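J.: Structural data only, the sequence is not supplied:
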């Protein structure tokens, strides 16, 4: 449809000359303009504008980028003339292709696939006006011409080069347009990503020169003269000379000077608040039906400050406007990529009309299980991690499906056993038609995940990885539910920076954890480095000298060797006395710290802290529901993750049946033991940035509250 919007604009650009010759002007509505302001500019009545543009019924229909015909002599446009123009702009198809309707295809899916509107499809398949779409129907698909890019040259645009720390919202604010308008002007941006590359070139409306003769109406504001106002003080306030005020407002001379109550046309005040980018500001996109009072309450800003930063508000609040706020206003707000997110309660905002189609692909490996041999089956579940993970995960997912059903949402589910075999995955993809699938959860193996991601990318189907944090291949349609190690490390170090005073920091890292060693050292440059022998143990005498009796000791242990964790934690526990305080941390939590050889008592005495993407679930609603369904069995870590991940996906799809779009407007979501906050990486999909800081305390593991500690990583 974006091609036809451009054709539409190009047509009106060519019509400008014609309209002028007939004593008419065309006017493209700018952000902030109203019916009243446009009528004042052209010195015609609002009624004349409405009567000359039959698509405009009321003042509320005046939207940004609407093209109006303005009769310069005040006479109404003859409808015959307008009818001729409408006929000229109608685009005829170049030809047709044939399409046989398959099972579960929808009108929406066909229009998205062939880039046409539902009306265009029905126009050439008239039975669709009276009959529903059915399997086996043969449809004519119209093919429309690709617009000539040279036709756009008559429109007044400029090429803008993206600068560092700029986003779609900062650029839209700078040019006074909506983000939707930015995408229409630059179709290559697409709607599935918000990424902008430094140096990328965008087409944007060209702002006119600084001279008063060249400035457009969107650069002006209305000003009501108060009592005792003078031309000198007014010119000083707005930064323009007095004769420019008179040139813009000749009625001042006719009436013998400024009079209280006069409404003047003045250039908008220049914004001197600083460079508009993510370093200085955060941004908010106005939603329909919002008002100024509620907006100031939600954004925690005064009305005067909001208007000062966003002068366009003087002409009214409009949906799609991009407002800027100082970066220090982000406290207490949900901010993602410098955009303020509205707090969305997913359970309160589901749309029961959405029909979800979800596919599970997990390695149950039922081909290798003899269900008649109970003991062997139980042994396999205990010893095979892939089987324990799949069965546990899916059992939690079943509870999530029960929960979403209770909320009134209909879900069609397909489940496939990948058998931990890439050829089996290929067979499934070849046999099954995934067109119209809302989301695929799985597979677990990286090779199988790559296969599914590649084959579904063209259909724009989101793939949710239960266990992976990244892929060697760049998949733009994959949601990696496990945060990257560097993201969790960043959260840990951000937390420690907040609470640090004058502690003595020591780093114990083996040769396989140089990245952790270097990152910690960059945050704590005065840290001491402990000598590690053969990646297994400490040089004890040298290490004990590094401990301080005057300051609390913070020891970072970075290793994946269980014997080293056991040895170092034992040494630190012995050194942790009334005279010498010692705490232990890691930024690379792994199975070595959970090994049976490691004393949980030692970890508790050292208040051992670490970052994690999961936490132990409480006796919450999920746990109770799981016990009811599975006869008193307590959910394990895999079951909890299966519920959390699946319920998160289902709620987001129930809110808006497009996971890519929902992820833009929903911030952090949290459930029984997992949280999710997906950020789009332009080259490698969506990555979860949510996590926890966990701490051993009195032989229990508890979560450290991080309400005020947000990481930028």
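T.: Perfect, thanks for sending it. Predicted, not measured: the structure shown is a model, and the values here were computed from it.
J.: Measure how buried residue 372 is and give me the count.
T.: Residues near residue 372, counting by other C-beta atoms under 10 Å, number 7. For glycine as for every other residue, the C-beta is placed from the backbone atoms N, C-alpha and C.
J.: And residue 352, by the same measure?
T.: For residue 352, using other C-beta under 10 Å, the count is 10.
J.: Next up, phi/psi of it, please.
T.: Reported as degrees, to the nearest 10, the phi and psi values for residue 352 are phi -70, psi -10.
J.: So the nearest residue to it once chain neighbours are set aside, which state does it fall into?
T.: Distances taken as C-beta to C-beta, 6 or more residues apart in numbering place residue 408 nearest to residue 352, at 4.4 Å, with adjacent residues excluded. In the three-state summary, residue 408 is assigned as coil, counting by DSSP: H, G, I helix; E, B strand; the rest coil.
J.: Quick check: the gap between residue 417 and residue 667.
T.: Between residue 417 and residue 667 the computed distance is 35 Å (C-beta to C-beta, to the nearest Å).
J.: Report back the residue of the protein that's furthest from centre.
T.: Farthest-out residue of the chain from its mean C-alpha position, per C-alpha atoms, centre = their mean: residue 256, at 56.0 Å.
J.: Which strand or helix spans that one?
T.: Using DSSP states H and E, residue 256 falls within no helix or strand.
J.: Can you give me the distance of it to residue 250?
T.: To residue 250, residue 256 is 13 Å away according to C-beta to C-beta.
J.: what's the answer for residue 108, then?
T.: Between residue 108 and residue 250 the computed distance is 55 Å (C-beta to C-beta).
J.: more crowded one of the two?
T.: Each of residue 108 and residue 250 had its neighbours counted (other C-beta under 10 Å), and the higher figure belongs to residue 108 (12 against 9).
J.: hang on, that one in a helix?
T.: Yes - the assignment for residue 108 is a helix, going by three-state DSSP.
J.: Quick check: nearest residue in space to it, chain neighbours excluded?
T.: Across the structure, with C-beta to C-beta, 6+ apart as the measure, the residue nearest residue 108 apart from its sequence neighbours is residue 118 (7.6 Å).
J.: Next, count neighbours for the one you found.
T.: Residue 118 sits with 12 neighbouring residues when counted by other C-beta under 10 Å.
J.: now stretch 92-111: mean pLDDT?
T.: If you average the pLDDT over stretch 92-111, you get 85.
J.: repeat for stretch 631-647
T.: 93.
J.: What lies in contact with that stretch?
T.: Stretch 631-647 is contacted by residues 388-389, 391-397, 399-401, 403-404, 441, 464, 466, 481, 614, 617, 622-623, 626-627, 671-674, 676 when judged by C-beta atoms under 8 Å, 6 or more residues apart in numbering.
J.: That one: how far from the chain's middle?
T.: Centroid separation between stretch 631-647 and its chain, computed with C-alpha atoms, centre = their mean, to the nearest Å, is 27 Å.
J.: Tell me which residues of that stretch come out buried.
T.: Neighbour counts over stretch 631-647 (16 or more other C-beta atoms under 10 Å) mark 635-647 as buried.
J.: cool, and stretch 305-321?
T.: The neighbour-count check on stretch 305-321 (16+ other C-beta under 10 Å) flags 306, 309, 310, 312, 313, 315, 317, 318, 320, 321 as buried.
J.: List the contacts of that stretch.
T.: Contacts to stretch 305-321, defined as C-beta under 8 Å, 6+ apart, come from residues 31-34, 37, 64, 173, 176, 178-181, 221-222, 268-269, 271, 273, 285-292, 295-296, 299, 323-326.
J.: distance between stretch 277-297 and the chain's centre?
T.: Its chain's average C-alpha position is 16 Å from that of stretch 277-297, according to C-alpha atoms, centre = their mean.
J.: oh, I was asking about stretch 461-473
T.: Taking C-alpha atoms, centre = their mean, one finds stretch 461-473 lying 17 Å from the centre of the chain it belongs to.
J.: model confidence over the helix or strand containing residue 340, on average?
T.: Taking DSSP H and E as the criterion, residue 340 maps to strand 339-341. Along strand 339-341, the predicted local confidence has a mean pLDDT of 79.
J.: Name the surrounding residues that touch it.
T.: Against strand 339-341 from outside (C-beta under 8 Å, 6+ apart): 167, 169, 282-285, 299, 325, 330, 333-335, 665-667.
J.: Out of those, which sit inside strands?
T.: Counting by DSSP state E, these place 282, 283, 284, 285, 325, 334, 335 in strands.
J.: so can I have TSV of those residues showing pLDDT?
T.: Converted to TSV, these look like this (pLDDT from 0 to 100):
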residue	pLDDT
282	86
283	88
284	88
285	85
325	89
334	75
335	79
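J.: Tell me the one of these nearest residue 604?
T.: Distance ranking of the ones in strands among the contacts of strand 339-341 against residue 604, using C-beta to C-beta, places residue 334 first at 34.4 Å.
J.: which residues does the closest one contact?
T.: Residue 334 sits next to 340, 341, 342, 343, 667, 668 when contact means C-beta under 8 Å, 6+ apart.
J.: The nearest residue to residue 684 once chain neighbours are set aside sits in which helix or strand?
T.: Counting by C-beta to C-beta, 6+ apart, residue 474 is the residue found nearest to residue 684 once chain neighbours are left out, at 4.4 Å. With elements delineated by DSSP H and E, residue 474 resides in a region that no helix or strand encompasses.
J.: quick one: pLDDT of the residue nearest to residue 352?
T.: pLDDT for residue 408: 91.
J.: burial of it, as a residue count?
T.: Other residues near residue 408 come to 11 when the count uses other C-beta under 10 Å.
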